[in-house]
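Colleague: please work out how this folds:
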Amino acid sequence: MIKRDKTRLVPTPLSDYQVYLFDLDGTLLDTAPDIAYAVNEVRRSEGFKPLTTERVNEAIGGGARALLRSCLPPILHSRLKEMRERFVTTYAENLCVLTRPFPDAERCLKVLGARSEVSIGLITNKPTRFAEPLLKAVGWEGLFDLTLFGDSLSSRKPSPEPLLHALEVFNRERGEAVSVSNALYIGDTEVDLASANAASIDVAIVSHGRIAEDIKVIRGARSRVIDLKDLFS
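Modeller: Numbering: from 1, shown residues only. The predicted structure follows:
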């Protein structure tokens, strides 16, 4: 059973974790421009003006349906299934046009991956049909010890299941117990924070993340704002 050390009152040093779990969109990759393009193509097809990338980015993280409900006018909400199909088709055709890794993202993964005592995982709500070709496009196919996509399990973030499942997998592979106290989840949104909190796993919000400004003061031992380079410098 995975247990948490409830006596710890100060944050674990960033270099001391055994397991590092990462979100993808908005954390490691700036996918917002390509997602915004697909959203705006749907809007244009219905005669509505495009939204800014910043506005679309505010809605990323909860899945395509939630994204479109936020970014499309209420008059189109009764046709969300149709709108989603258009969005999915357009996004699949423009998956990695403007998408780029955030500064230090690739180096962070490679430095952590070179540490024999460390396991790194990717936990994203992005479906496999998008996530796998995107990782291939940026050359990151072999950088993670474990990848969990939005359709890999019965639940996705903000459920704690993906994070706890990842720890169970690493426990089996290591042949030893990895406590939740020895794991760090790195994300950028409210969904990431909620998932880590539900799993009782320490969480770091990247400084370029959507909710970074809301977590400037460390909330006990379990959340902080970091730059990706802080994980290897």
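
Colleague: quick one: the helices in this protein?
Modeller: Per DSSP state H, the chain carries helices over the ranges 32-45, 53-57, 64-71, 80-93, 105-113, 128-137, 161-174, 190-199.

Colleague: can you give me the buried ones in the second one?
Modeller: The reference is to helix 53-57. The neighbour-count check on helix 53-57 (16 or more other CB atoms under 10 Å) flags Thr53, Val56, Asn57 as buried. From N, CA and C alone the C-beta is placed, and that goes for glycine too.

Colleague: and of the residues you listed, the nearest to Val39?
Modeller: Val56 (5.2 Å; CB to CB).

Colleague: identify the residue nearest that closest one in space, chain neighbours excluded?
Modeller: Excluding the flanking residues, the one nearest Val56 by CB to CB, 6 or more residues apart in numbering is Ala36, at 3.9 Å.

Colleague: what's the local residue count around that neighbour?
Modeller: Burial of Ala36 is recorded as 22 neighbouring residues (other CB atoms under 10 Å).

Colleague: contacting residues for Leu153?
Modeller: Leu153 makes contact with Glu161, Pro162, His165, according to CB atoms under 8 Å, 6 or more residues apart in numbering.

Colleague: now these as CSV including neighbour count, distance to Thr189 and pLDDT?
Modeller: What follows is these, written out as CSV (neighbours: other CB atoms under 10 Å; distance: CB to CB, whole Å; pLDDT from 0 to 100):
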residue, neighbour count, distance to Thr189, pLDDT
Glu161, 17, 18, 98
Pro162, 25, 14, 98
His165, 20, 20, 97
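
Colleague: and of those residues, the nearest to Lys110?
Modeller: For the contacts of Leu153, the nearest to Lys110 is Pro162 (23.3 Å; CB to CB).
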